[in-house]
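Participant: coords please:
(one chain, ligands or ions: 2)
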Amino acid sequence: MIHVRNLTKFYGDYAAIRDVSFDVPAGQIVGFLGPNGAGKTTTMRILTGYMTATSGQASIADFDVFWQPLEARQRIGYLPESCPLYVEMRVGEYLHFRAGLKGLHGRERKQRRDFVMDRCWLKDVQRQIIGTLSKGYRQRVGLADALLADPPVLILDEPTAGLDPSQIRETRNLIRELGKEHTILLSTHILPEVEMTCDRVIIISRGQVRASASLAELVQVGGKRILLAEFDGSVDPTPMRAVPGVDGVESESIAGGTRLKIAQHPDSEDLSPRVCALAVECGWKLRTLRPEQPSLEERFLKIIESETAV
Ligand SMILES: Nc1ncnc2c1ncn2[C@@H]1O[C@H](COP(=O)(O)OP(=O)(O)OP(=O)(O)O)[C@@H](O)[C@H]1O
Ligand SMILES: [Mg+2]
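Facilitator: Ligands and ions are numbered 1, 2, ... in the order given. I've put the predicted structure just below:
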């Protein structure tokens with residue numbers, strides 16, 4: 001649905017993004033992650049036609065964003081990073097006006113305006129002047145605006161920035177809900193948010209894509225499969241090292257017991273049953289056994305610190 005190939009943007013002689021390529025298939029929610037200044041907003045502005053690229057290609061629903069800009073833009077709802085609004089207008093009035101600009105008329109225009117106000121929790125403030133709204137409410141007006149024309153693609157630049165915790169949760173739920181009908185590319189700095197809402201992530205750093213994978217793939221890539229086994233009392237890891245499929249064992253003392261970090265050979269099956277059987281055989285009291293999962297945060301930091309793409 002979103003197709004990006006070798007997109008490069010120079011500001012003067014500074015490359016804000018360089019050779020960025022990725023795809024977002026229809027129906028997916030994709031998180032666009034990266035540190036400050038990585039090039040997320042730049043990429044999103046190019047996709048939404050707010051800015052041209054220096055070179056490269058991009059298309060939305062098979063419409064080229066440079067050569068068929070109108071068709072491409074009609075299919076996008078865009079929530080910009082700092083959402084420009086007409087501050088002297090009232091919320092309802094503004095959304096009605098925007099709906100008109102987006103080609104909605106008559107009853108449909110009113111219905112759609114009421115629908116988005118309802119979805120973005122704006123009913124209570126519909127008569128309030130936008131200039132007097134708090135930051136979070138302005139953000140909601142921006143999101144409502146993006147949804148007005150019911151576009152198949154939503155591009156949301158930090159949709160939960162500036163919201164209070166309960167609104168963040170509501171917005172995440174809304175995004176998940178919207179993901180059933182829309183293809184969504186959203187940028188964020190909040191990693192748990194990605195884990196809760198996204199199917200895939202694209203990690204960009206210093207203007208280049210470093211990773212593009214599902215969350216499960218991302219936490220696995222490059223990491224050995226490790227089992228963590230905790231036992232009561234002291235345990236000699238020697239017999240564990242001899243188990244077929246074990247690629248190394250590290251032992252450490254913990255309160256009242258021992259923790260073994262068991263590295264599994266990449267080709268071996270899950271070793272948990274064998275670890276349990278060995279514990280029974282040796283008379284070890286097994287407290288817990290679980291796979292060690294690197295967190296998204298660890299992977300993210302590793303990826304953006306490494307020079308090469310993953
Ligand atoms: N108009 C501009 N002129 C010159 N440089 C710019 C311009 N806009 C952005 N940049 C630079 O391009 C780089 C990428 O900026 P961009 O806004 O895309 O980052 P970002 O990933 O959205 O960061 P953040 O997480 O802080 O929003 C930054 O180094 C920024 O300073
Ligand atoms: Mg940005």
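Participant: contacts and neighbour counts: CA atoms only from here.
Facilitator: Fine.
Participant: Can you tell me which residues in the protein are near ligand 1?
Facilitator: Residues of the chain lying near ligand 1 by Cα under 6 Å from any ligand atom: 11, 16, 35-42.
Participant: Help me confirm that residue 227 is found in a strand?
Facilitator: Yes: using DSSP: H, G, I helix; E, B strand; the rest coil, the assignment for residue 227 is a strand.
Participant: which element is the closest residue in space to it that isn't next to it in sequence on?
Facilitator: Among residues not flanking residue 227 along the chain, residue 291 sits closest, at 4.4 Å (Cα to Cα, 6 or more residues apart in numbering). Here residue 291, judged by DSSP states H and E, is contained in strand 286-292.
Participant: Equivalent analysis for residue 58, please.
Facilitator: Element membership for residue 58, per DSSP H and E: strand 55-60.
Participant: pLDDT averaged over that strand, what's the number?
Facilitator: Throughout strand 55-60, pLDDT has a mean value of 94.
Participant: Show the contacting residues for the residue nearest to residue 227.
Facilitator: The contact partners of residue 291, by Cα atoms under 8 Å, 6 or more residues apart in numbering, come to 225-228.
Participant: and the gap between residue 164 and residue 72?
Facilitator: Residue 164 is 33 Å from residue 72, where distance means Cα to Cα, to the nearest Å.
Participant: So between the two, which is more surrounded?
Facilitator: residue 72 (22 against 11; other Cα atoms under 10 Å).
Participant: And residue 246, what's its pLDDT?
Facilitator: Residue 246 is assigned a pLDDT of 91 by the prediction.
Participant: which ones are touching it?
Facilitator: Taking Cα under 8 Å, 6+ apart, one finds 240, 262-265, 271 in contact with residue 246.
Participant: In a markdown table: those residues, plus neighbour count, distance to residue 150 and secondary structure.
Facilitator: Compiled in a markdown table, the contacts of residue 246 are given as follows (neighbours: other Cα atoms under 10 Å; distance: Cα to Cα, whole Å; DSSP: H, G, I helix; E, B strand; the rest coil):
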| residue | neighbour count | distance to residue 150 | secondary structure |
| --- | --- | --- | --- |
| 240 | 19 | 58 | helix |
| 262 | 26 | 51 | strand |
| 263 | 21 | 49 | strand |
| 264 | 21 | 48 | strand |
| 265 | 17 | 49 | coil |
| 271 | 19 | 49 | coil |
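Participant: SS state for residue 51?
Facilitator: On the three-state scheme (three-state DSSP), residue 51 is labelled coil.
Participant: Next, count neighbours for the closest residue to it other than its chain neighbours.
Facilitator: Distances taken as Cα to Cα, 6+ apart put residue 45 closest to residue 51, at 5.7 Å, once the chain neighbours are dropped. As a burial measure, residue 45 scores 19 neighbours (other Cα under 10 Å).
Participant: try residue 194
Facilitator: For residue 194, using other Cα under 10 Å, the count is 23.
Participant: ok, now the one 3 residues further on?
Facilitator: For residue 197, the neighbour count with other Cα under 10 Å is 19.
Participant: Looks to me like residue 303 is in a helix.
Facilitator: Yes: counting by three-state DSSP, residue 303 falls inside a helix.
Participant: Would you confirm that it contacts residue 209?
Facilitator: No: checked against Cα atoms under 8 Å, the pair residue 303 and residue 209 is beyond contact range at 10.1 Å.
Participant: Neighbour count: the two, which is higher?
Facilitator: Legend: neighbour count by other Cα under 10 Å for residue 303 and residue 209, higher for residue 209 (25 against 20).
Participant: ok, back up a step: return the list of strands paired to the strand holding residue 291, each annotated with direction.
Facilitator: strand 226-232 (antiparallel) (DSSP bridges).
Participant: beta partners of the closest residue to residue 147 other than its chain neighbours?
Facilitator: What sits nearest to residue 147 in space, not counting adjacent residues and going by Cα to Cα, 6+ apart, is residue 77, at 6.0 Å. Beta bridges link residue 77 to residue 154 when assigned by DSSP bridges.
Participant: burial of residue 77, as a residue count?
Facilitator: Counted with other Cα under 10 Å, residues neighbouring residue 77 total 25.
Participant: what residues are up against it?
Facilitator: Contact analysis of residue 77 by Cα under 8 Å, 6+ apart lists 145-151, 153-155.
Participant: Please identify which of the residues you listed is nearest to ligand 1.
Facilitator: residue 155 (12.8 Å; Cα to the nearest ligand atom).
Participant: Would you confirm that the closest one contacts residue 76?
Facilitator: Yes: at 6.9 Å, residue 155 counts as touching residue 76 under the criterion of Cα under 8 Å.
Participant: Leaving out chain neighbours, which residue sits closest to residue 81?
Facilitator: Nearest residue to residue 81, sequence neighbours excluded (Cα to Cα, 6+ apart): residue 157, at 5.0 Å.
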